[in-house]
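Chemist: Kindly return the folded structure for what I paste below:
(one chain, ligands or ions: 1)
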Amino acid sequence: MKRDTFIAHAGRHPAEQRGAVNPPVYRASTIVQPSLDALEHARRTPFEGVRYGRLGTPTTQALEEAVAGLEGGWRSISMPSGLAAITATLLAFVEAGDHLLMTDGVYLPTRRFCDGALARLGVETTYYDPTVGAGIAALIRPNTRLVFVESPSSMTFEMQDVPAIAAAAHAADAVVVMDNTWGTPLFFKPFEHGVDVSLQAATKYLVGHSDAMLGLITTTEPHWQRLKVTVTGLGQAPGSEEAWLGLRGLRTLSVRLERHQRNGLEVATWLEGRPEVARVLHPALPSHPGHHIWRRDFLGAPGLFGVELKPAPKPALAAMLDGLDLFAMGYSWGGFESLVVPGDGSITRTAGDWRTDGPYLRLHVGLEDPADLIADLEAGLARLVKGCG
Ligand SMILES: *Cc1c(COP(=O)(O)O)cnc(C)c1O
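Modeler: Residues are numbered from 1 along each chain as shown. Have a look, this model is predicted:
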């Protein structure tokens, strides 16, 4: 079955739901068993079927079935948020005395979890330059248990050579975990590039409408049991309503991403030609330092990228951003609407050489007409220039 056909049909079993096209939102805590035999069978096979709301409902399981297939993994587990997916995965694969290699370009709350909870539990984290590639081998220690990649980096968009990093990690028996939120299962196939556990903030493109929090973790077969046991033990489970919104978003993921890609490239290309702009960090633009990796490994690019402006005083930047009509200022991304967020102070780096001279912005280009978005930015840049006096 081709990808888009799969997306339209995955996780749906109309005959089991009285012919309704979509699985309903099952609101359930307990699931009653018809006999002692069934109850005992349920006890013996804790991860099969439906037995208690916290362990999954038919709605969350439909989502997991669809996403596992789309990612090309063995199975998926749904979580109440992207960050919950990340922290549960880390807890599943490291223990006291272990060492973990974390990309320096990681999503900031992931970094905080490593420096906080994991450090307290006796797990040591080393941050590595996201562009290290095969050079990661030199950082691996005898107790390195896990290597975490996120490509491109959150905020700064460095591309990682995931296959080279995965090969070095596997040579040392370490688990390779990837935050694949930017690529989504459509634009990056983690399991074809050596990743063992792929997770995504489904809050972003999968849900796609800025109206629900959701995370998903997908693994290869050997890693599934350990992850499932950990997640079950942590008591983490999304509500069925959220899982249902994830399924609804999934049906249009492919058409939305195609448009995010087209609009994003149009806006990024326009920005690149502007005198107020120092550089645009969009992996699909040939000017991006990691463009060759994007071309080699990715099947597309969504609407999220970075822009460094030429140096400008804060009031000029405020005039630019405060007056925007279509780009709302806010965190998150992946919904149908355009967003902008300044990077000031939020970029923590300890490896590599990330540096900007002027204000840095992250743009999410939504599904609006790009001509309107460009006009909004053009007026904003005019306010910026005016503010520079
Ligand atoms: C937003 C985001 C997360 C966290 O997802 P939530 O659902 O907000 O918890 C994780 N990783 C990346 C790359 C993100 O952008």
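Chemist: In space, what's closest to the residue of the chain found nearest the ligand - neighbours in sequence excluded?
Modeler: Residue nearest to the ligand within the chain (CB to the nearest ligand atom): Gly82, separated by 2.3 Å. C-beta: built from backbone N, CA, C; applies to glycine. Nearest non-adjacent residue to Gly82, counting by CB to CB, 6 or more residues apart in numbering: Ala201, 2.5 Å away.
Chemist: So that neighbour is in contact with Met79, correct?
Modeler: No. Using CB atoms under 8 Å, Ala201 is not in contact with Met79, being 9.5 Å away.
Chemist: what residues are shared contacts of those two?
Modeler: Taking CB atoms under 8 Å, 6 or more residues apart in numbering as the criterion, Ala201 and Met79 both touch 85, 214-215.
Chemist: so which of those residues are also by the ligand?
Modeler: When contact is defined as CB under 6 Å from any ligand atom, the shared contacts of Ala201 and Met79 meet the ligand at Gly215.
Chemist: Let's see if you can find the most crowded of the shared contacts of Ala201 and Met79.
Modeler: When neighbours are counted by other CB atoms under 10 Å, Ala85 leads the shared contacts of Ala201 and Met79 with 31 neighbours.
Chemist: wait, it sits on Met79?
Modeler: Yes. Assessed by CB under 8 Å, Ala85 is found in contact with Met79 at 4.3 Å.
Chemist: anything in contact with each of the two?
Modeler: By CB under 8 Å, 6+ apart, the residues touching both Ala85 and Met79 are 215-217.
Chemist: and which of these is nearest to Val231?
Modeler: Val231 lies nearest to Ile217 out of the shared contacts of Ala85 and Met79, by CB to CB, at 7.5 Å.
Chemist: Put the alpha carbons of the host helix or strand of that closest one into CSV.
Modeler: Secondary structure from DSSP states H and E places Ile217 in strand 215-219. The C-alpha trace of strand 215-219 is given here as CSV (Å, rounded to 0.1, in the frame of the first residue of the first chain):
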residue,chain,number,x,y,z
GLY,A,215,3.3,12.2,22.2
LEU,A,216,4.2,9.0,20.4
ILE,A,217,7.1,6.6,20.9
THR,A,218,7.8,3.9,18.2
THR,A,219,10.5,1.2,18.6
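Chemist: Can you tell me which helices and strands that strand packs against?
Modeler: Under the contact definition 3 or more CB pairs under 8 Å, 6 or more residues apart in numbering; DSSP states H and E, strand 215-219 sits against helix 58-71, strand 75-79, helix 82-93, strand 197-201, helix 221-234.
Chemist: most neighbours per residue, which of these?
Modeler: Of those, the one with the most neighbours on average (mean count of other CB atoms under 10 Å) is strand 197-201, at a mean of 29.
Chemist: CA atoms of it as CSV?
Modeler: Extracted in CSV, the C-alpha atoms of strand 197-201 (Å, rounded to 0.1, in the frame of the first residue of the first chain):
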residue,chain,number,x,y,z
VAL,A,197,13.5,4.3,19.3
SER,A,198,11.8,7.2,17.5
LEU,A,199,9.6,9.7,19.3
GLN,A,200,7.6,12.7,18.3
ALA,A,201,5.7,15.5,19.9
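Chemist: Quickly run through the sheet partners of that strand, with directions.
Modeler: Next to strand 197-201 in the sheet, as set by DSSP bridges, lie strand 175-179 (parallel), strand 215-219 (antiparallel).
Chemist: Can you add mean pLDDT and give those back as TSV?
Modeler: Shown next, in TSV, are the strands paired with strand 197-201 (pLDDT from 0 to 100):
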stretch	mean pLDDT
strand 175-179	98
strand 215-219	98
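Chemist: which of those sits most buried?
Modeler: Of the strands paired with strand 197-201, strand 215-219 is the most buried (mean count of other CB under 10 Å), at a mean of 29.
Chemist: contacting residues around that strand?
Modeler: Outside strand 215-219, the residues that touch it by CB under 8 Å, 6+ apart are 63-64, 67-68, 71, 73-86, 88-89, 185, 190, 196-203, 206, 227, 231, 238, 246.
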